[in-house]
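In: curious how this folds, go ahead:
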Amino acid sequence: MVPVIPSKVRKIWEIWDLRVCITTSLLLQAFLLLLAPSRQRSRSNLLSRSVWASYLLADWIAAVAIGLITKSLGNKTDPEGNDDLFALWASFLLMHLGGPDGITSLSLEDNELWIRHLFGLFLQVMSAAYSLYLTLSNNKLWSINILVFIGGNIKFVERTLALRLASLDRFGATTLPDPNPGPDYQEAELVYSTTRSVQVQSSIAEMMVSTVPGGVSNFGSTDPISAIEGPPQKNLDEMKLLEVSYSFFGTFKGLIVGFLLSSKDRESSRSYFLHETATRAFRLVEYELSFMYQVLHTKAVVIHGKLGYFLRFITICSTLLAFLLFLFTQKHGFGKFEIDVTYALFIGAVLLDTISVVKLIFSDWVFMAMKDNQIIRHVPEAILRRKRWSGSVSQKDIISHCLAPKMAPQDLASYVDKHGILKTMEMMLCKLSYWKTVDNHLKHFVFQELKNKSKKAINLRDAIETCSERGEAALLQNSSSYIKLKWSIGEFQYAESLLLWHLATELCYNDQANSSVEEDQKIGGGNIWQLFAQRCCRTCVCQGHKDDDQSSGSDNRNICKVISNYMFYLLVNKPVMLAPVLGNWNIVFRDTCAEANKFFEKHKLSSHGKACKKVLSVKPKVRSRAVKGERSKSVLFDACILAHQLQNEESQWKIMSQVWVEMLSYAAINCRPFIHAQQLSKGGELLTFTWLIMNHLGLGTQFAEQEQQAGTKMVTVI
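Out: Down below sits the predicted model:
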């Protein structure tokens with residue numbers, strides 16, 4: 001039988017396998033250190049997949065390399081006598097398994113597997129120690145090896161501890177207040193018997209420590225408003241914004257694990273945000289979510305503390321000392337390539353530690369730890385102004401989704417042959433989602449609408465009622481509009497209503513006469529290169545840049561378009577974020593797409609603009625349900641009816657934008673907090689920002705009822 005792998009190739013691999021693994025492991029560490037933190041502020045699938053592959057490969061290849069070293073030392077297979085270097089490499093691999101500071105987990109699920117990682121830590125440390133033991137009798141690098149071994153163990157333990165602290169159980173425990181047994185029962189009963197009073201007197205009230213109801217979190221000892229001098233101001237600098245957000249983070253981080261906040265926390269945050277501007281409110285939440293990301297996915301919670309700084313100091317010193325000793329050690333008897341690899345490992349470790357220290361010094365956590373130091377007040381604003389989320393929203397519309405040809409991979413060649421390469425590229429681009437910058441006008445409108453809701457929600461009951469609104473309240477602001485349009489919300493489930501309004505928005509938007517250059521004329525109406533630029537180059541738009549559409553004065557129209565496409569994208573690509581309110585959305589979606597495809601094929605439509613125009617040209621007088629009954633759940637022509645009704649409204653785009661903000665806020669507050677937390681490592685979502693802003697404005701449902709603070713009522717038990 002002929003071997004699958006030739007013997008020569010196998011022999012070469014047996015010689016070089018360990019060297020290749022060591023070099024690859026070092027390169028992966030450098031890649032993760034430099035690029036892993038970028039996933040917090042990028043929506044790039046390429047970056048996300050690259051980090052994912054590197055993260056998994058880095059752990060696997062380091063573990064394999066330690067196994068190869070143990071095997072090589074046990075069998076004495078190296079003819080050049082590099083066993084001492086191999087044992088040293090095993091200690092370096094422990095450092096690699098500890099990973100860079102900027103990534104400890106890919107997802108929240110990884111944090112829950114910290115016990116498995118602890119078991120792996122034990123096995124790998126034992127393997128590295130065994131490698132050192134096998135060479136200890138005549139190892140002239142033993143002192144160097146022990147120094148690197150100490151640094152590797154510290155880094156590996158840091159990562160395991162970070163995973164444990166980021167698991168939901170431990171994370172939830174850190175947000176709880178200290179246990180409070182309350183006043184001594186016998187003493188309180190004695191005073192009660194003496195006073196013969198139903199209402200405890202002020203002396204007892206002073207003695208009794210106010211307790212928080214079960215399930216209510218009272219973390220965050222610092223009042224967020226007191227974190228700055230006086231009430232919110234209009235010209236807060238970045239450092240003070242960071243300081244306030246850090247205080248809010250200490251209070252609101254418990255939302256992720258489902259804790260209830262006290263009414264005091266609600267009122268404190270609500271009064272602060274009601275006096276804030278949209279730009280600063282979004283910036284505060286951006287800082288806050290950045291702290292959350294670092295706690296859940298990095299070593300921040302471990303290294304930012306006295307013990308963490310001390311351990312990091314030991315790691316750096318041990319690595320530098322080991323490097324210096326290696327420089328002056330006699331290397332006779334070692335292979336030249338192996339010596340070069342060892343130098344690369346030392347230089348790589350020193351460089352990676354140096355970069356980590358620089359990042360640590362300029363981290364938000366250090367700024368907060370030294371906030372009272374005057375030196376920190378002179379930190380350049382540019383360092384603090386760096387992005388902490390993508391600042392964009394994904395876009396997708398149902399018309400383009402339906403127009404995109406559905407074909408198997410084997411049919412692609414025939415499609416290219418029939419329609420040409422450019423048409424094929426247009427088709428493929430049409431199937432992709434793209435993203436659009438969240439500009440200041442969108443932030444202002446969303447925040448202002450949420451503030452208006454908060455002003456009406458004085459107490460918790462009002463807040464819960466406000467959170468249940470998904471468009472009705474916006475229509476009620478205009479009585480005539482409510483009478484005509486209430487059917488589009490009240491007679492449908494949320495997902496059905498979302499599809500209905502998305503289609504109507506798409507039809508109205510493309511019918512606007514003054515939109516001379518429509519960014520959504522995707523197929524047939526524009527040049528392929530212009531389309532390519534629209535689809536693929538959105539990330540090049542800076543935060544301060546204003547789109548051409550905004551200068552036309554149709555801001556509400558653009559807001560409708562952006563939120564509509566964003567919500568449709570979430571519905572199709574991230575339904576888990578809308579899962580609690582979706583119902584049987586898939587049936588409605590498939591039926592609507594099927595009817596749209598049938599309509600487009602009947603009229604031979606392939607252009608987005610022409611398709612919208614043709615659908616809008618239909619003048620349906622009867623609702624689809626009356627015509628088709630329950631056989632089809634399609635809302636295509638119901639959307640056509642809604643679009644015609646909206647076009648007759650004097651404040652068409654204002655009404656529509658307000659409805660879309662309500663739909664956005666309804667989805668945000670009903671999305672599970674755990675799902676919101678998952679988005680932090682994927683560039684962030686506007687839905688998550690909306691959710692946290694709503695909670696800051698007192699509109700969330702995770703607040704406790706008003707606690708009794710005026711004393712304790714005692715009742716005699718007979």
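In: separation between the residue of the chain most remote from its centre and Ala188?
Out: Here the centre of the chain is the reference, and by Cα atoms, centre = their mean the most remote residue is Thr194, at 58.1 Å. Distance of Thr194 to Ala188, given as Cβ to Cβ, to the nearest Å: 11 Å. Heads up, the C-betas are built off the backbone N, CA and C, glycines and all.
In: next: Gly348.
Out: Counting by Cβ to Cβ - Gly348 and Ala188 are separated by 65 Å.
In: got it, and Ser143?
Out: To Ala188, Ser143 is 64 Å away according to Cβ to Cβ.
In: residues in contact with Gly683?
Out: Arg39, Gln40, Arg41, Ser42, Arg43, Ser44, Trp389, Ser390, Ser392 (Cβ atoms under 8 Å, 6 or more residues apart in numbering).
In: turn those into a markdown table, columns for distance to Leu274 and neighbour count.
Out: Shown next, in a markdown table, are these (distance: Cβ to Cβ, whole Å; neighbours: other Cβ atoms under 10 Å):
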| residue | distance to Leu274 | neighbour count |
| --- | --- | --- |
| Arg39 | 34 | 24 |
| Gln40 | 29 | 22 |
| Arg41 | 29 | 18 |
| Ser42 | 33 | 21 |
| Arg43 | 31 | 22 |
| Ser44 | 36 | 15 |
| Trp389 | 24 | 25 |
| Ser390 | 28 | 22 |
| Ser392 | 27 | 23 |
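In: for Tyr133, grab the count of nearby residues.
Out: 12 (other Cβ atoms under 10 Å).
In: that one: which element?
Out: helix 114-135 (DSSP states H and E).
In: run a quick neighbour tally on Leu503.
Out: 27.
In: Ser143 and Ala188 - which one has more neighbours?
Out: Neighbour count, other Cβ under 10 Å: between Ser143 and Ala188, Ala188 has more, with 17 against 13.
In: now do that one, the pLDDT please.
Out: Listed pLDDT for Ala188 reads 70.
In: ok, Ala611 next?
Out: pLDDT recorded at Ala611 is 92.
In: Three-state assignment for the closest residue to it other than its chain neighbours, please.
Out: Computed as Cβ to Cβ, 6 or more residues apart in numbering, the closest residue to Ala611 that is not its neighbour in sequence is Leu605, at 4.5 Å. Three-state assignment for Leu605 (DSSP: H, G, I helix; E, B strand; the rest coil): coil.
In: ok, Leu605 - contacts?
Out: Residues counted as contacts of Leu605 (Cβ under 8 Å, 6+ apart) are Leu403, Phe599, Ala611, Lys614.
In: which one in those residues is the model shakiest on?
Out: Leu403 (88).
In: what's the distance between that one and Ser607?
Out: Distance, Leu403 to Ser607, using Cβ to Cβ: 8 Å.
In: please say which of these two ends up with more neighbours.
Out: Legend: neighbour count by other Cβ under 10 Å for Leu403 and Ser607, higher for Leu403 (23 against 18).
In: hmm, Phe599 and that one touching each other?
Out: No - contact criterion Cβ atoms under 8 Å: Leu403 and Phe599 do not qualify, at 11.1 Å.
In: report pLDDT for the residue nearest to Ala611.
Out: pLDDT for Leu605: 86.
In: picking that back up, the contacts of Leu605, buried ones only, as a ChimeraX selection?
Out: Buried members of these, defined by 16 or more other Cβ atoms under 10 Å, are picked up in ChimeraX with:
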select :403,599,611
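In: can you add distance to Asp17 and secondary structure and give the contacts of Leu605 back as JSON lines?
Out: As requested, the contacts of Leu605 are exported to JSON lines (distance: Cβ to Cβ, whole Å; DSSP: H, G, I helix; E, B strand; the rest coil):
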{"residue": "Leu403", "distance to Asp17": "51", "secondary structure": "helix"}
{"residue": "Phe599", "distance to Asp17": "60", "secondary structure": "helix"}
{"residue": "Ala611", "distance to Asp17": "57", "secondary structure": "helix"}
{"residue": "Lys614", "distance to Asp17": "63", "secondary structure": "helix"}
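In: could I get the contacts of Leu605 as a markdown table with distance to Pro100?
Out: Output for those, formatted as a markdown table (distance: Cβ to Cβ, whole Å):
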| residue | distance to Pro100 |
| --- | --- |
| Leu403 | 44 |
| Phe599 | 53 |
| Ala611 | 49 |
| Lys614 | 55 |
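In: from the contacts of Leu605, which is closest to Ala474?
Out: Ala611 (28.1 Å; Cβ to Cβ).
In: what stretches of the stretch 451-600 of the chain score poorly on pLDDT?
Out: 513-554 (pLDDT under 70).
In: the strands in the stretch 151-300 of the chain, which residues?
Out: Applying DSSP state E, counting those that start in this stretch to the stretch 151-300 of the chain gives strands spanning 216-217, 260-261.
In: count the residues that sit near Ser458.
Out: Heads up, residue 458 is Ile, not Ser. 11.
In: whoops, Glu491 was the one
Out: So Glu491, with other Cβ under 10 Å, has 13 neighbours.
In: tell me how far it lies from Ala626.
Out: For Glu491, the distance to Ala626 - Cβ to Cβ - is 12 Å.
In: likewise for Gly99?
Out: In terms of Cβ to Cβ, Gly99 sits 61 Å off from Ala626.
In: between these two, which is the more surrounded one?
Out: Neighbour totals were compared for Gly99 and Ala626, and Gly99 leads with 26 against 7 (other Cβ under 10 Å).
In: that one and Thr160 touch, don't they?
Out: No - in this structure, Gly99 is not within contact of Thr160 by Cβ under 8 Å, at 10.3 Å.
In: quick one on the thing from earlier: which one of the contacts of Leu605 is nearest to Gln678?
Out: Nearest member of the contacts of Leu605 to Gln678, counting by Cβ to Cβ, is Leu403, at 31.4 Å.
In: do you know how far that closest one is from His608?
Out: 6 Å.
In: measure the closest residue to Leu163 other than its chain neighbours to His603 for me?
Out: Excluding the flanking residues, the one nearest Leu163 by Cβ to Cβ, 6+ apart is Trp114, at 3.8 Å. Separation of Trp114 from His603 (Cβ to Cβ): 58 Å.
In: hang on, the earlier thing: which one of the strands of the stretch 151-300 of the chain has the lowest average pLDDT?
Out: strand 216-217 (a mean of 41).
In: run a quick neighbour tally on the residue nearest to Leu163.
Out: If we define neighbours as other Cβ under 10 Å, then Trp114 has 23 of them.
In: pretty sure it sits against Phe171.
Out: No - if you go by Cβ under 8 Å, Trp114 and Phe171 don't touch, sitting 11.3 Å apart.
In: domains of the protein?
Out: 7-166+305-362, 185-297, 392-537+552-696 (automatic domain parsing).
In: centre of the chain versus the longest one, how much separation?
Out: If you compare the mean C-alpha spot of domain 392-537+552-696 with that of the full chain, they lie 22 Å apart, counting by Cα atoms, centre = their mean, to the nearest Å.
In: element containing the closest residue to Tyr509 other than its chain neighbours?
Out: Nearest in space to Tyr509, with sequence neighbours left out and distances taken as Cβ to Cβ, 6+ apart, is Lys561 at 5.1 Å. Element membership for Lys561 (DSSP H and E) is helix 555-573.
In: kindly report the same for Ser394.
Out: Going by DSSP H and E, Ser394 is part of strand 392-395.
In: which residues touch that strand?
Out: Contacts of strand 392-395 (Cβ under 8 Å, 6+ apart): 43, 433-438, 538-539, 562, 565-566, 569-570, 573, 683, 685-686.
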